[in-house]
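[1] Structure, please.
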Amino acid sequence: MLTIENLKAGYGQSQVLFDVSLSIGAGEVLALLGRNGMGKTTTIATIMGLLPSWDGRLSFDGRAIDGLPPYRVAQMGVGLVPEGRQIFPTLTVEENLVATAAARGTAAPRWTLEAIWTLFPRLQERRRNLGNRLSGGEQQMLAIGRALMTNPRLLILDEATEGLAPVIRGEIWSVLDTLKREGQSILLVDKNLSAVLRLADKGVVIEKGRTVWSGTSRELAAAQDVQHSYLHL
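    Numbering: from 1, shown residues only. So this is what the prediction gives:
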């Protein structure tokens, strides 16, 4: 579904990505791992067209997405839950969700308001609340719901559980497990390695803008040297 080969990108004159490669098939969950500042968010920004690629190959469903603006990448079926949530603070919960709603293809959309209410009952209770009146956990639920309302074929989550209370983190991981069982393709970045290894089918580790390891979650769980060298502080 998504293929990245030898990706290079950066900001201004500063190169951040030197050689990043990964691939995600339909229905797979891939974890993009690495310490802070290694290029994970830059990789996501480049996929989404928020940052131009300098070199390499980016394709989605066999079609090149290099150079496409963000709205075209989204129209192709890529949904983003950005780091920091970035919900619309002066819109209600329901308005946040409706603002991004889109149907992909001719079939009835999987994700509607009713489906989001089922996934996140707390959001239904607060459907008339403004975004800036929600707790951090509720805002994260809203950010995920907003991305799902685009009915994406690939869902990208950048630090979806960062800074949340343990009980809320548990709810988010449960939701992601539900999405996986339903066949949703997911690319995720998260620091909770144990939770990531339980959810993801495979992982890619990047260090200083380069892919340094890739394999299955089972292989990564057994690769203590890789965890020590590239993931632990």
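[2] Tell me who's in contact with the nearest residue to Ala74 once chain neighbours are set aside.
    Excluding the flanking residues, the one nearest Ala74 by C-beta to C-beta, 6 or more residues apart in numbering is Thr150, at 6.2 Å. Yep, even glycine has a C-beta here, placed from its N, CA and C like the rest. Thr150 makes contact with 74, 79, 100-102, 104, 111 under the criterion C-beta atoms under 8 Å, 6 or more residues apart in numbering.
[3] same question, Pro82
    Residues in contact with Pro82 (C-beta under 8 Å, 6+ apart) are 143, 158.
[4] Just give me the closest of the contacts of Thr150 to Asn132.
    When the contacts of Thr150 are compared for distance to Asn132 (C-beta to C-beta), Thr100 wins out at 17.7 Å.
[5] Go ahead and confirm that closest one touches Asn151.
    No: in this structure Thr100 lies outside contact range of Asn151 using C-beta atoms under 8 Å: 9.8 Å.
[6] Now Ala220: closest residue in space that isn't a chain neighbour?
    One thing to correct before we go on: residue 220 is Leu, not Ala. Nearest residue to Leu220, sequence neighbours excluded (C-beta to C-beta, 6+ apart): Gly203, at 4.9 Å.
[7] Give the burial count for the one you found, as a bare number.
    For Gly203, the tally of surrounding residues (other C-beta atoms under 10 Å) stands at 26.
[8] show me the contacts for it.
    Counting by C-beta under 8 Å, 6+ apart, Gly203 has contacts 30-33, 196-197, 213-217, 220.
[9] let's see 10 Å
    Residues near Gly203 by C-beta atoms under 10 Å, 6 or more residues apart in numbering: 22, 29-33, 188, 193, 196-197, 213-217, 219-221, 223, 226, 231.
[10] pLDDT on the strand or helix carrying it, on average?
    Gly203 is located in strand 202-207, with elements delineated by DSSP states H and E. What strand 202-207 shows for mean pLDDT is 97.
[11] Just the mean pLDDT for the helix or strand following it, thanks.
    Per DSSP H and E, the first helix or strand lying C-terminal to strand 202-207 is strand 210-216. For strand 210-216, mean pLDDT rounds to 97.
[12] Just the buried positions in strand 210-216, please.
    The neighbour-count criterion (16 or more other C-beta atoms under 10 Å) identifies 210-211, 213-214 as the buried residues of strand 210-216.
[13] Equivalent analysis for stretch 133-140, please.
    Residues of stretch 133-140 classed as buried by neighbour count (16+ other C-beta under 10 Å): 134, 137-140.
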